[in-house]
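Student: here are the coordinates; sequence isn't available:
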């Protein structure tokens, strides 16, 4: 029974109508509640008992006597903990209330400084990692020995209970957390790709599908022809995510057998003829499913929810298995010309959807920019996704252009920028200043406080801007007639700025000029 159960009657009907005294809790918890509620009025007794139970719950008490043997003491930490109060205050706020981008910046800064989280923040960090898969890898490097020990004591924190920081590679692979194994594989892949592939291949049969898929994706680092055999075998893996990961990597090996077979199927459908205006390319969809499709994960049966027609569905599946480089080589057309050509065909939807899948699996800067520059119909909802594939400087070129010509309103542009700028990266100083200026202008005109969509992005934006552009944001105005929510936004903004300064003091950021 829950330790809170004795309080339910009074909480439901009220302490005045529930005249019975509170129940007696066993052990030290009961003694603490008895001391806290002695002589108190019924309502006060309920609240005091609840306060004791809440404190015990936060400390790990389960409301029952603990008779098991105490765990062994935590090993000594090999890293120095963060201790500076000027840094701990804003960092603690960021972990509790900051934007996800700011929360990730904390362990990244600690790792750069070779420091670990102090004991007082470990429960907050482990709980945050429990809720956010995106933060776990960064937290794993900064928990220290005590953090990993603490993670072993609670079931929903055991994702972080890995091998010690000083453990050798084999121990980290066998006993480490998933994040440690992935980090080890990435490190080994950088120095010895063959050894990393062999380590992964040996472990794959024992891993769950999600872990198999994520670890297979590590092979993208220094991918080469020697990886083809493993990837080809994984096309028949029992896990759908694993099959998709293998196919995505095979797209980056145009000379591999699988993309070559896919290209041969497509070549029969993409034909040309000569006319007065030169060569004219045409495409047709398959008229029937082939017997050998199943072996290459091409489904003949169209799903009931699929919007494409049957033949378009077949064509889409063929297109998504062929590297983009094949199209330019086969037709002699560049990416921009192919996009225009596809839009005029009867199979535009299948072609564009297949190309999008390939572009995400095997990013190609030329194709990304051709789509963003031409803005063809059918791609409008995918611009943010494509921008995220570009290097920072080329990505920002598009945003600077949109800022300059005003083609995208600021309240739409800022969320796009934040979505496409990967967590852990900051914007360049020129773009940061260009974004801050219209915000200051709106604030001076009294319009920013009432622009609910725009102001909601301010704390996360402050976590992504270049440090040199942050100071003016501290001047945003609060007036007596503004709403409490605007005051909350300004408070979050001020705390974000303080956290950025504290993290930069701890470990200076590597920033784009």
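Tutor: Thanks, I have the structure now. Values in this document were obtained by computation on a predicted structure and should not be read as measured data. Residues are numbered from 1 along each chain as shown.
Student: so the residue most central in space within the chain: helix, strand or coil?
Tutor: For the chain, the residue nearest the mean C-alpha position is residue 134 (4.5 Å; C-alpha atoms, centre = their mean). What DSSP: H, G, I helix; E, B strand; the rest coil gives for residue 134 is helix.
Student: in stretch 282-290, what counts as buried?
Tutor: Within stretch 282-290, the residues that qualify as buried are 283, 285-286, 289, counting by 16 or more other C-beta atoms under 10 Å. All C-beta atoms are positioned from the backbone trio N, CA, C, and that covers glycine.
Student: pLDDT averaged over that stretch - what is it?
Tutor: What stretch 282-290 shows for mean pLDDT is 93.
Student: again, but for stretch 232-242
Tutor: 93.
Student: how far does it sit from the chain's center?
Tutor: Counting by C-alpha atoms, centre = their mean, to the nearest Å, stretch 232-242 is centred 23 Å from the centre of its parent chain.
Student: ok, now stretch 374-384?
Tutor: From the chain centre to the centre of stretch 374-384 is a distance of 23 Å (C-alpha atoms, centre = their mean).
Student: what does stretch 371-385 give?
Tutor: Centroid displacement of stretch 371-385 relative to its chain, using C-alpha atoms, centre = their mean, is 22 Å.
Student: next up, the contacts around the residue nearest to the centre of the chain.
Tutor: With contacts defined as C-beta atoms under 8 Å, 6 or more residues apart in numbering, the neighbours of residue 134 are 100, 104, 423.
Student: ok so, going back, let's have the buried residues of stretch 282-290 in a markdown table, adding distance to residue 472 and secondary structure.
Tutor: Formatted as a markdown table, the buried residues of stretch 282-290 follow (distance: C-beta to C-beta, whole Å; DSSP: H, G, I helix; E, B strand; the rest coil):
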| residue | distance to residue 472 | secondary structure |
| --- | --- | --- |
| 283 | 53 | strand |
| 285 | 56 | coil |
| 286 | 59 | coil |
| 289 | 61 | coil |
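Student: and which of the residues you listed is nearest to residue 184?
Tutor: residue 289 (43.3 Å; C-beta to C-beta).
Student: residues in contact with the closest residue to that closest one other than its chain neighbours?
Tutor: Nearest non-adjacent residue to residue 289, counting by C-beta to C-beta, 6 or more residues apart in numbering: residue 300, 3.6 Å away. Residue 300 sits next to 289, 293-294, 314 when contact means C-beta under 8 Å, 6+ apart.
Student: between these, which has the most around it?
Tutor: residue 314 (25 neighbours; other C-beta atoms under 10 Å).
Student: quick revisit: now the residue nearest to the centre of the chain: how far from residue 118?
Tutor: 23 Å (C-beta to C-beta, to the nearest Å).
Student: just residue 68 next, same as before
Tutor: 28 Å.
Student: among these two, which residue is more densely surrounded?
Tutor: residue 118 (18 against 5).
Student: is it true that the more buried one touches residue 82?
Tutor: Yes - when contacts are counted by C-beta atoms under 8 Å, residue 118 is listed as touching residue 82 (5.4 Å).
Student: joint contacts of those two?
Tutor: Contacts common to residue 118 and residue 82, judged by C-beta under 8 Å, 6+ apart, are residue 88.
Student: quick one on the thing from earlier: ok, the contacts of residue 300 vs residue 383, which is closest?
Tutor: Among the contacts of residue 300, and counting by C-beta to C-beta, the member closest to residue 383 is residue 314, at 27.9 Å.
Student: now the phi/psi pair for the nearest residue to that closest one once chain neighbours are set aside, please.
Tutor: Distances taken as C-beta to C-beta, 6+ apart place residue 286 nearest to residue 314, at 4.6 Å, with adjacent residues excluded. Dihedral angles of residue 286 (phi, psi; degrees, to the nearest 10) stand at phi -60, psi 140.
Student: residue 286 contacts residue 269, doesn't it?
Tutor: Yes - under the criterion of C-beta under 8 Å, residue 286 makes contact with residue 269 at 6.8 Å.
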